[in-house]
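only geometry, no sequence info:
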């Protein structure tokens, strides 16, 4: 049995998508479109459009209407993000298993890497759903408002119901991301001494860190559309700080152990080559150059320069470029939200 075959093949979302038989992105797009269409139909039936027209507001200009649309879009995005995260995690685990980085039997963390606790996931989902009333109270801080009929029109009702479902899935996704990041951290710490000439084998750790940070970036990008609303300032900072802390953790956790191994390998190899330059006998024992005869001083100096230039983080240019792109996306969203608000203020003023 190969190393790749012992990685757990069953994912939490497999049973659902085996029955739906749709690509995750298409399923998410159809779900979001269906929810927005249902919201529009209910707005016509309940007279929500007329309610806003009396106030000379379009649906998107209404805070409650805008949030109702955003949670509908997130309702399609987060299940897709969960599925893609699980698929990507499995691919990264397969790549690590196929690389045969561990001599002998693979570590137990690799064999159980796609497993998890259903109870813990549900608990995280419930915790996520409970964030909806917390965020709502940071926006509308008058407790009596929630007991008035004027508050409970289609927009808020839709946001509370669909929003809690979105937050529930978001909690499960957060659990999945954190759990998988910790598994990769365990795998990294269990690595034997690494080969500086084969850094490509460690790229799955970097890809996992980047993949783990993507859902948080997506959520912040969606939520950034509310930054123009003064009532959302505290909620925006609350969510942004929480997401940034989580993203920093899940981005670094999978790579930190490999970083420590690469740094130690560089330190040891530089010590060996420096000893060889000083002429110490047997200095290159354990070095990739150890079996080579008659190495000139120029060869040793060139090898030392190469080792010094080896990056200490398991990340390549393409992965780093994607990281920068994902960081730029929410920044553009925040700038765009501010510009849209400025244009609306100017138009309505």
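Received it, and whenever you're ready, just let me know what you need. On a predicted model such as this, the values are computed, not experimentally measured, just so you know.

For residue 23, what are phi and psi?
Residue 23 adopts backbone torsions of phi -60, psi 150, taken as degrees, to the nearest 10.

Read off the pLDDT value for the residue nearest the centre of the chain.
Centroid-nearest residue in the chain: residue 213, 2.5 Å away (criterion: C-alpha atoms, centre = their mean). Confidence at residue 213, expressed as pLDDT, is 82.

Against residue 305, how distant is it?
Residue 213 sits at a distance of 33 Å from residue 305 (criterion: C-beta to C-beta, to the nearest Å). In this view, the C-beta of every residue, glycine as well, is placed from N, C-alpha and C.

following the helix or strand where residue 256 lies, which helix or strand shows up next?
Secondary structure from DSSP states H and E places residue 256 in helix 233-277. For helix 233-277, the following helix or strand on the C-terminal side (DSSP H and E) is helix 297-309.

And that following helix, what's buried?
Neighbour-count burial for helix 297-309 flags 300, 303-304, 307 (criterion: 16 or more other C-beta atoms under 10 Å).

ditto for stretch 41-56
Result for stretch 41-56 [16+ other C-beta under 10 Å]: buried residues 43, 48, 51-52.

The residue nearest to the centre of the chain contacts residue 252, correct?
No: using C-beta atoms under 8 Å, residue 213 makes no contact with residue 252, being 9.6 Å away.

Count the residues that sit near the residue lying closest to residue 42 once chain neighbours are set aside.
Counting by C-beta to C-beta, 6 or more residues apart in numbering, residue 154 is the residue found nearest to residue 42 once chain neighbours are left out, at 5.8 Å. Residue 154 is flanked by 19 other residues according to other C-beta atoms under 10 Å.

Any stretches of the stretch 151-300 of the chain with poor pLDDT?
Along the stretch 151-300 of the chain, segments meeting pLDDT under 70 span 222-231, 233, 293.

Tell me where the stretch 51-200 of the chain has strands.
Using DSSP state E, counting those that start in this stretch, no strands are found in the stretch 51-200 of the chain.

sorry, back to before: just the ones of the buried residues of stretch 41-56 in helices?
Judged by DSSP state H, the subset of the buried residues of stretch 41-56 located in helices is 43, 48, 51-52.

where does the stretch 1-150 of the chain dip in pLDDT?
Ranges of the stretch 1-150 of the chain meeting pLDDT under 70: 1-12, 60, 105-106, 108-115.

hmm, 50 instead?
Where the stretch 1-150 of the chain drops to pLDDT under 50, the residues are 1-4, 6.

related to what we said a few turns ago, name the SS class of the residue nearest to the centre of the chain, please.
For residue 213, the assignment made with DSSP: H, G, I helix; E, B strand; the rest coil gives helix.

quick one: the helices in the stretch 101-250 of the chain?
Taking DSSP state H, counting those that start in this stretch to define them, one finds helices in the stretch 101-250 of the chain at 108-111, 118-129, 131-139, 154-189, 203-223, 233-277.

Out of these, which gets nearest to residue 16?
helix 154-189 (11.9 Å; C-beta to C-beta).

residues of that closest one that come out buried?
154-156, 158-160, 162-181, 183-188.

picking that back up, out of the ones in helices among the buried residues of stretch 41-56, which is nearest to residue 116?
residue 43 (39.1 Å).

residue contacts, the closest one?
49, 59, 154 (C-beta atoms under 8 Å, 6 or more residues apart in numbering).

one more time with 10 Å, if that's ok
Going by C-beta atoms under 10 Å, 6 or more residues apart in numbering, residue 43 touches 49-52, 59, 65, 68, 153-155, 158.

can you check residue 142 too?
Counting by C-beta under 10 Å, 6+ apart, residue 142 has contacts 148, 151.

any idea how far residue 71 is from it?
22 Å.

got it, and residue 102?
Using C-beta to C-beta, we find residue 102 at a distance of 44 Å from residue 71.

quick one: which of the two has more around it?
Neighbour count, other C-beta under 10 Å: between residue 102 and residue 71, residue 71 has more, with 24 against 16.

among the helices of the stretch 101-250 of the chain, which is the most enclosed?
helix 203-223 (a mean of 23; mean count of other C-beta atoms under 10 Å).

which residues sit in contact with the closest residue to residue 184 other than its chain neighbours?
Of all residues not flanking residue 184 in the chain, residue 254 sits nearest, at 3.6 Å (C-beta to C-beta, 6+ apart). Residue 254 is in contact with 92, 180-188, 204-212, 314, counting by C-beta under 10 Å, 6+ apart.

Quick check: residue 135 vs residue 238, distance?
7 Å.

That should have said residue 22, apologies.
Separation of residue 22 from residue 238 (C-beta to C-beta) stands at 35 Å.

Likewise for residue 167?
14 Å.

cool, and residue 67?
15 Å.

swap in residue 209?
According to C-beta to C-beta, residue 209 stands 24 Å off from residue 238.

Is it correct that residue 208 is in contact with residue 251?
Yes: using C-beta atoms under 10 Å, residue 208 makes contact with residue 251 at a distance of 9.4 Å.

so what sits against both of these two?
Contacts common to residue 208 and residue 251, judged by C-beta under 10 Å, 6+ apart, are residue 181.

What is the neighbour count of residue 144?
7.

Please apply the same query to residue 73.
For residue 73, the count of nearby residues is 19 (other C-beta under 10 Å).

Quick check: nearest residue in space to it, chain neighbours excluded?
residue 32 (5.0 Å).
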